[in-house]
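Chemist: Sequence and predicted model, in that order:
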Amino acid sequence: MSEGVPQSRGWRERVDSVSVDWWATLVAGVITALAVADVLPKIPW
Amino acid sequence: MSTTRIEPEETLDEPTFTSSQPLEYVPGILLLIVVGLLGKYAQIWWNALAKHEHWRVPDIEYVLWAIVIGLLITNTVGLHRIFRPGVQTYEFWLKAGIVVLGARFVLGDVAKLGGLSLLQILVDMAVAGTIIIVAARAFGLPGKLGSLLAIGTSICGVSAIVAAKGAIRARNSEVGYAIAAILALGAVALFVLPPLGHAIGLTDREFGLWAGLAVDNTAETTATGYLFSDHAGKIAVLVKSTRNALIGFVVLGFALYWAARGQADEIAPGAKAKAEFIWHKFPKFVLGFLAVSAIATAGWLTKGQTANLANVSKWAFLLTFAGVGLNTDIRQIARTGWRPLLVAVIGLTVVASVSLGIVLLTSRVFHWGVGA
């Protein structure tokens, strides 16, 4: 049996255990960081 | 008797991410985008048609178009299971949109409005929560279903109900009833409150406060606020986030109540365990919102980038509104039965009336926060 399987399962479990609140904060945080660095392209509405 | 421990699989939220295969989200997210865009352009087309035909018709906001198109799809042709994982991500878009919206608030305003709304929320919760529990008893509903409806109606809709589920050891059927009732009322509030707000002559700020206090589910609160105006939408999001931040305290209160009656797991003794319980239930995206607001307050964003972030937030909300419509199955709600719905209708009426009274009293009689 490959040793990679339990490792990848552990990684997936970790990813799955991150709540939607943190995912939303993380993604929004990256977008905000791009805006702070003034590299976020113009978003039209 | 066992004590309540924080289980890793017990999360605050609805199952937003239902698949571990990223590709399975693609069809549903594409559907959210299509419905959202249809809603956005339907507003433009509708206004252009009315102008061309010289009709005198109300301007129907993209928020309403997106929700109605989503509702029509789900309740006519139905939502194929291939779309479900992606469509259920609407809570993610909502929370990401709220975090980014922090750029439109400086921390001083957040503290001022948050503090004012906190006081209003506490009064609203105490009055409305009590009436709902009494109404639930009067209609012979089980005590825990009454607690779930009180938590859902006075605090934070579905998230609060899910958060309370494990803590008060409620049955799945009771949770299902309470969620269906709260979702049905969210839909009702969405269509009723904005025209009512215009009829009463509320300002954007007053309506935002009212929507933030009265509408139970964050997605519906956001939609109700934005249906009135952009400014009302922003205020509604801030007030609702303050309300959401109280989830842990309210759920802890109900958990202690049911544990004292031997009908729920006891909370581990000590302040540390209770603080852990509250932290576990705390909606973490509120911290993200405050962090982005702090960045805006520090002046790290140019005017152009602040406007950019506001547009990102609007796009995220557009996907949320599409998701609200696509996730509302009227037949499923109708199957709930009339009793929980009646108690929830009483709840909505009570919460809406009490919160409107509080908003008008504080803004027009006491002049609190006017001009904030």
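Modeler: Okay, I see it.

Chemist: host element of the nearest residue to residue B:363 once chain neighbours are set aside?
Modeler: In space, residue B:363 comes closest to residue B:206 once its chain neighbours are excluded; the distance is 5.5 Å by CB to CB, 6 or more residues apart in numbering or on different chains. Quick note: C-beta positions are derived from backbone N, CA and C, even for glycine. Here residue B:206 sits within helix B:204-214, counting by DSSP states H and E.

Chemist: Taking the stretch 201-350 of chain B, what residue is nearest to chain A?
Modeler: residue B:288 (3.4 Å; CB to the nearest CB).

Chemist: Could you tell me the angle between whichever helix or strand comes after the helix holding residue B:206 and helix B:204-214?
Modeler: Note on helix B:204-214: by DSSP H and E, the next helix or strand toward the C-terminus is helix B:218-228. Our comparison of helix B:218-228 with helix B:204-214, counting by axes from the mean of the first three to the mean of the last three CA atoms, to 10 degrees, yields an angle of 160 degrees.

Chemist: any residue of helix B:218-228 up close to chain A?
Modeler: No - using CB under 8 Å from any CB of the partner chain, helix B:218-228 stays clear of chain A, coming no nearer than 11.5 Å.

Chemist: Can I get that helix as CSV, trimmed to CA atoms?
Modeler: Output of helix B:218-228 as CSV, limited to C-alpha atoms (Å, rounded to 0.1, in the frame of the first residue of the first chain):
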residue,chain,number,x,y,z
THR,B,218,-28.1,36.6,6.7
ALA,B,219,-28.6,36.1,2.9
GLU,B,220,-32.2,37.2,3.1
THR,B,221,-31.3,40.1,5.3
THR,B,222,-28.7,41.3,2.8
ALA,B,223,-31.2,40.9,-0.1
THR,B,224,-33.9,42.8,1.8
GLY,B,225,-31.6,45.7,2.6
TYR,B,226,-30.2,45.9,-0.9
LEU,B,227,-33.8,45.8,-2.3
PHE,B,228,-34.5,49.0,-0.5
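
Chemist: in whichever helix or strand comes after that helix, what's buried?
Modeler: Later in the chain than helix B:218-228, the nearest helix or strand by DSSP H and E is helix B:230-244. By neighbour count on 16 or more other CB atoms under 10 Å in any protein chain shown, the buried set for helix B:230-244 is B:231-244.

Chemist: same deal with stretch B:120-138?
Modeler: Under 16+ other CB under 10 Å, the buried positions of stretch B:120-138 are B:120-121, B:123-125, B:127-129, B:131-133, B:135-136.

Chemist: taking the mean pLDDT, what do you get for the top helix by length along chain A?
Modeler: In chain A, assigned by DSSP state H, the helix with the most residues is helix A:20-36. Helix A:20-36 carries an average pLDDT of 95.

Chemist: and if you look at stretch B:220-235?
Modeler: For stretch B:220-235, the per-residue pLDDT averages 92.

Chemist: start to end distance for that stretch?
Modeler: Start and end residues of stretch B:220-235 are separated by 14 Å (CA to CA, to the nearest Å).

Chemist: same check, this time on stretch B:319-334
Modeler: 26 Å.

Chemist: what residues does chain B put near chain A?
Modeler: Contact residues (CB under 8 Å from any CB) of chain B with chain A: B:8-9, B:11-13, B:16-17, B:20, B:91-92, B:94-100, B:103, B:283-285, B:287-288, B:291-292, B:295, B:300-302, B:304-306, B:308-309, B:311-312, B:314-315.

Chemist: Strands along the stretch 151-300 of chain B, start to end?
Modeler: Along the stretch 151-300 of chain B, counting by DSSP state E, counting those that start in this stretch, strands occupy B:266-267.

Chemist: what residues does chain A put near chain B?
Modeler: A:12, A:16-17, A:19-25, A:27-29, A:31-32, A:35-36, A:38, A:40, A:42-45.

Chemist: How many residues are close by residue B:72?
Modeler: 13 (other CB atoms under 10 Å in any protein chain shown).

Chemist: Likewise for residue A:37?
Modeler: With other CB under 10 Å as criterion, residue A:37 counts 10.

Chemist: do the same with residue B:107
Modeler: There are 16 residues near residue B:107, going by other CB under 10 Å.

Chemist: Now do the contacts for it.
Modeler: B:290, B:293, B:294, B:297 (CB atoms under 8 Å, 6 or more residues apart in numbering or on different chains).

Chemist: Looking at neighbours, which among those is most surrounded?
Modeler: Ranking those using other CB under 10 Å puts residue B:293 first, with 23 neighbours.

Chemist: That one: what's its closest spatial neighbour, skipping adjacent residues?
Modeler: That would be residue B:102: by CB to CB, 6+ apart, it lies 3.9 Å from residue B:293.

Chemist: Neighbours of that neighbour, how many?
Modeler: 29.

Chemist: That one and residue B:112, how far apart?
Modeler: For residue B:102, the distance to residue B:112 (CB to CB, to the nearest Å) stands at 15 Å.

Chemist: which regions of the stretch 251-372 of chain B sit below the pLDDT cut-off?
Modeler: B:263-267, B:336, B:339-340, B:369-372 (pLDDT under 70).

Chemist: residue boundaries of the helices in it?
Modeler: In the stretch 251-372 of chain B, helices defined by DSSP state H, counting those that start in this stretch lie at B:271-281, B:285-297, B:303-326, B:330-334, B:338-360, listed in chain order.
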